[in-house]
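**Q** give the three-dimensional model of this entry:
(chains A and B, ligands or ions: 3)
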Amino acid sequence: MRHIISLLMENEAGALSRVAGLFSARGYNIESLTVAPTEDQTMSRMTIVTSGSDDVIEQINKQLNKLIDVVAVMDLTEGQHLERELMLVKVRAVGEGREELKRLTDIFRGRIIDVDASSYTIELTGTGSKLDSFVQAIDSSLMLEVVRTGASGIGRGERILKL
Amino acid sequence: MEMTGAEIVIRCLQEEEVEYLFGYPGGAVLFIYDELYKQDKVKHVLVRHEQAAIHAADGYARSTDKVGVALVTSGPGATNAVTGIATAYMDSIPMVVISGQVPTSYIGEDAFQEVDTVGITRPCVKHNFLVKDVKDIASTMKKAFYLAKSGRPGPVLVDIPKDVSAQKTEFSYPSSVQIRSYNPSQHGDIGAIRQAAQLLLNAKRPMIYAGGGVVLSSAASQLTELTRLLGFPVTNTLMGLGGYPATDKQFLGMLGMHGTLEANMAMQQCDVLLAVGARFDDRVIGNVAHFAQNPRKIIHIDIDPSSISKRVKVDVPIVGDVAHVLGDLLAVLHSTRQQPDAQALAAWWAQIADWRSKNSLTYRNSDELIKPQYVIETLYELTGGDAFVTSDVGQHQMWAAQYYKFDQPRRWINSGGLGTMGFGLPAAMGVQLAHPGATVACVTGEGSIQMNIQELSTCKQFRLPIKVIALNNRYLGMVRQWQEFFHGNRYSESYMDALPNFAKLAEAYGHVGLCIEKPSDVRPALEEALARKNELVFLDFRTDSTENVYPMVPGGKGLSEVILAEDL
Ligand SMILES: Cc1cc2nc3c(=O)[nH]c(=O)nc-3n(C[C@H](O)[C@H](O)[C@H](O)COP(=O)(O)OP(=O)(O)OC[C@H]3O[C@@H](n4cnc5c(N)ncnc54)[C@H](O)[C@@H]3O)c2cc1C
Ligand SMILES: Cc1ncc(C[n+]2csc(CCOP(=O)(O)OP(=O)(O)O)c2C)c(N)n1
Ligand SMILES: [Mg+2]
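**A** Residues are numbered from 1 along each chain as shown, chains lettered A, B, ... in the order given. Ligands and ions are numbered 1, 2, ... in the order given. This is a model prediction of the structure:
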């Protein structure tokens, strides 16, 4: 099953490679991994999207907790949570296609953030599957470039990952 | 007062009361060696290869319950140390390794003798540090020792660039250390401990399976008390040997691939299993599905949550230190009036007696060929079971584990998890330094000994009277055995041709060397070696080259699918 794991880690050089190294050394899947500093200068927050059987996910959580640089781990999938991903897509936009693409962008609540004579760059946020649907809705021959950040997640309501 | 980084490193070692530092110098650690020269509290042991420095620190740690410490230079010094570090990591040995690094301004430039030591060692250390500021040396060293020894022990590496060891700062050694992300639990959950007690008391066919965690936790007395109180059978893993007295009647011997029939059968058929500081390794439970065919309740005590339910699903997990948890478990058992089911236990012991009567470790001795088992049995007899025995890796390791009965922990020193040939002799150096008056025997093979034989020179320099017991079968015997059993007798590259004359080689290093070719000479030779209290004696026993280690549960097979010696 797909799991979203959130973790806080020390803002130390090498902390990221400890996490990435753990996943490759033990053969765990990484679908996506995002990391950035938090409001607390000493910590970074990472969101990892992974998949595996319950046993594998249990081991992933334990192994992450074991890393000395990892301060806290939460499997968001174990409770209610929100998930968002940002995508930037550059599509060929000429003639009638320009109107069509604009309409589609509106339907998906995206924004066109850059325009030139022959292309649009569209920004879209949402769940991974919403972004997938948008990509599918566009004629693949028009697609020039797709950049996705990978998911960021947060627990709902009182589910808070903080020190 | 201001001190250089190098001086601070040495002061930290003194604060940690480090007795021996095993190491090898080089450019990146010259400032540290300079400071070593100026003091005499920390004694430096100059090895002949960095791998040996780490194994020696490791042997020192295993035999004492202290942290082993080693020092190596950057680049090749660090890469030579990696095998040793991985060996310590796999067996959870507390160790601090200090490595030199090129100056900070050169890092990343492919400088002379630069390697990414922190990167290379990351998967085989508990943690590692690159110290970029001289002000961080003292606190980093404090953390390194704390991490190495607490929780599940392991090696910690501190990489120090040369310029950092030359810079100056005020020195003060922190009296305590706090790492917010690291809080290993000592005490187990008392609810789970009560549940465990209940399961144990209700068991019909109980079994205690105790591993290296008992030794690491120095909990042999608690384990013994518990086992005797309950009257249950007990087995040890290779790493746990000595954690329960081997001569006790409740002891079933080692279990696993080369375990006794009774230990493996009882493990397979028990209805309640108490696993204590053991990690269900694949050399113990080769086939998880086969193991699961017999239903049983499993209680697992381990300080590392990731050891629990990793390979085998556990019913009652107890995360904590073995000594603490067994202490609490004993208190719970003492406070209840319920006794174990005596009738069921008697039937269970009768079943075990039946397996035992097979004498799965019997071998046929010979008048012509030296049987390796006989050498170990004689060593056991002549040392009264009281020696420290280190070993290398192979058949000789298994025979030492099977035929030397360890009644005390920290006497059996071997590489179980990584299975590192070349471990035995340098580890014995660390053991002998830690226990100067004790008999230290290194059981080895003609293959393994050649992987660190240069240490005979270190032994000479430091007057280490180790007894090297080489079971020389002219083969990489363990490999030959697998080729005989599983590869149609095709002995591909397992014959050890062009062997040196080991006795003469030992003499060349300034030691005593003996070559033993007849069974009748085994005992006198061992007697002579043991009588030479102050000399290293290298005993080259020419053993039966066709002998195999039995019993054997082939890899991937179930515990009851065992190959016994032909006569059985
Ligand atoms: C040629 C060869 C053959 C082998 N054959 C066998 C064999 O037949 N049988 C066998 O048993 N092994 C065999 N091994 C060894 C095997 O590979 C493993 O190293 C060994 O089985 C692991 O032992 P263990 O389970 O006791 O774990 P260890 O590696 O000793 O691990 C200790 C466990 O205890 C935990 N722990 C540590 N400290 C504490 C504490 N204070 N409190 C609580 N828990 C703690 C750790 O987290 C860990 O889970 C063989 C090795 C070789 C090289
Ligand atoms: C460094 C290393 N290389 C290879 C192996 C694989 N290996 C395991 S046992 C063994 C044979 C050891 O031969 P020897 O030391 O003569 O011992 P014997 O089995 O003959 O008693 C080998 C090659 C290993 N364990 N370690
Ligand atoms: Mg051999």
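**Q** for the residue in chain A positioned nearest to ligand 1, which residues are in contact?
**A** Chain A approaches ligand 1 most closely through A:Lys66 (10.0 Å), counting by CB to the nearest ligand atom. (Glycine included, C-beta is placed from N, CA and C.) Under the criterion of CB atoms under 8 Å, 6 or more residues apart in numbering or on different chains, the neighbours of A:Lys66 are B:Asp304, B:Pro305, B:Ser306.
**Q** let's have those in JSON lines, adding distance to ligand 2 and neighbour count.
**A** Converted to JSON lines, the contacts of A:Lys66 look like this (distance: CB to the nearest ligand atom, whole Å; neighbours: other CB atoms under 10 Å in any protein chain shown):
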{"residue": "B:Asp304", "distance to ligand 2": "25", "neighbour count": "18"}
{"residue": "B:Pro305", "distance to ligand 2": "30", "neighbour count": "20"}
{"residue": "B:Ser306", "distance to ligand 2": "25", "neighbour count": "18"}
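**Q** where do the helices sit along chain A?
**A** Taking DSSP state H as the test, the helices found in chain A are A:15-25, A:54-66, A:97-107, A:128-137.
**Q** in the shortest one, what's buried?
**A** Using 16 or more other CB atoms under 10 Å in any protein chain shown as the burial criterion, the residues of helix A:128-137 that qualify are A:Gly128, A:Lys130, A:Leu131, A:Phe134, A:Val135.
**Q** show me which of the residues you listed is closest to A:Leu33.
**A** Nearest to A:Leu33 among those: A:Gly128, at 13.6 Å, using CB to CB.
**Q** report the contact partners of that closest one.
**A** Counting by CB under 8 Å, 6+ apart, A:Gly128 touches A:Val49, A:Glu83, A:Glu85, A:Ala151.
**Q** do B:Gly394 as well
**A** B:Met421, B:Gly445, B:Gly447, B:Ser448, B:Leu476, B:Gly477, B:Met478, B:Val479.
**Q** mind redoing it with 7 Å?
**A** B:Gly394 makes contact with B:Gly445, B:Gly447, B:Ser448, B:Leu476, B:Gly477, B:Met478 under the criterion CB atoms under 7 Å, 6 or more residues apart in numbering or on different chains.
**Q** please apply the same query to B:Thr169.
**A** If a contact means CB under 7 Å, 6+ apart, then B:Thr169 has B:Glu2, B:Val134, B:Lys135 as its contacts.
**Q** what helix or strand is it on?
**A** Secondary structure from DSSP states H and E places B:Thr169 in strand B:168-170.
**Q** what does the helix or strand just after that strand rub up against?
**A** With elements assigned by DSSP H and E, the helix or strand that comes after strand B:168-170 is helix B:190-202. Residues from elsewhere that reach helix B:190-202 (CB under 7 Å, 6+ apart): B:206, B:230, B:272, B:274, B:297, B:299, B:316-318, B:325, B:328-329, B:332-333, B:336, B:338, B:340.
**Q** same thing with stretch B:479-486?
**A** Stretch B:479-486 is contacted by residues B:Gln395, B:Asn489, B:Arg490, B:Tyr491, B:Ser492, B:Ser494, B:Asn548, B:Val549 when judged by CB under 7 Å, 6+ apart.
**Q** nearest residue to the spatially most central residue of chain B in space, ignoring adjacent ones along the chain?
**A** Central residue of chain B (CA atoms, centre = their mean): B:Asn414, 4.1 Å from the mean position. Computed as CB to CB, 6 or more residues apart in numbering or on different chains, the closest residue to B:Asn414 that is not its neighbour in sequence is B:Ser391, at 4.5 Å.
**Q** next one: B:His127
**A** A:Ile68 (4.4 Å).
**Q** now do the contacts for that neighbour.
**A** B:His127, B:Leu147, B:Ile179, B:Ser181, B:Tyr182 are the contacts of A:Ile68 under CB under 7 Å, 6+ apart.
**Q** what parts of the stretch 351-500 of chain B come near chain A?
**A** Contact residues, the stretch 351-500 of chain B versus chain A (CB under 7 Å from any CB of the partner chain): none.
**Q** give me the low-pLDDT residue ranges for the stretch 351-500 of chain B?
**A** Scanning the stretch 351-500 of chain B for pLDDT under 70 picks out nothing.
**Q** now the strands for it?
**A** Here the stretch 351-500 of chain B has its strands, by DSSP state E, counting those that start in this stretch, at B:388-391, B:412-413, B:440-445, B:467-472.
**Q** can you check chain A too?
**A** Assigned strands in chain A, in chain order: A:2-10, A:32-37, A:43-51, A:70-75, A:81-92, A:111-115, A:119-126, A:143-148, A:152-155 (criterion: DSSP state E).
**Q** could you dump the ones you listed into a markdown table with mean pLDDT and mean neighbour count added?
**A** Output for the strands of chain A, formatted as a markdown table (pLDDT from 0 to 100; neighbours: other CB atoms under 10 Å in any protein chain shown):
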| stretch | mean pLDDT | mean neighbour count |
| --- | --- | --- |
| strand A:2-10 | 97 | 21 |
| strand A:32-37 | 96 | 14 |
| strand A:43-51 | 97 | 21 |
| strand A:70-75 | 97 | 20 |
| strand A:81-92 | 97 | 18 |
| strand A:111-115 | 98 | 12 |
| strand A:119-126 | 98 | 18 |
| strand A:143-148 | 97 | 13 |
| strand A:152-155 | 97 | 19 |
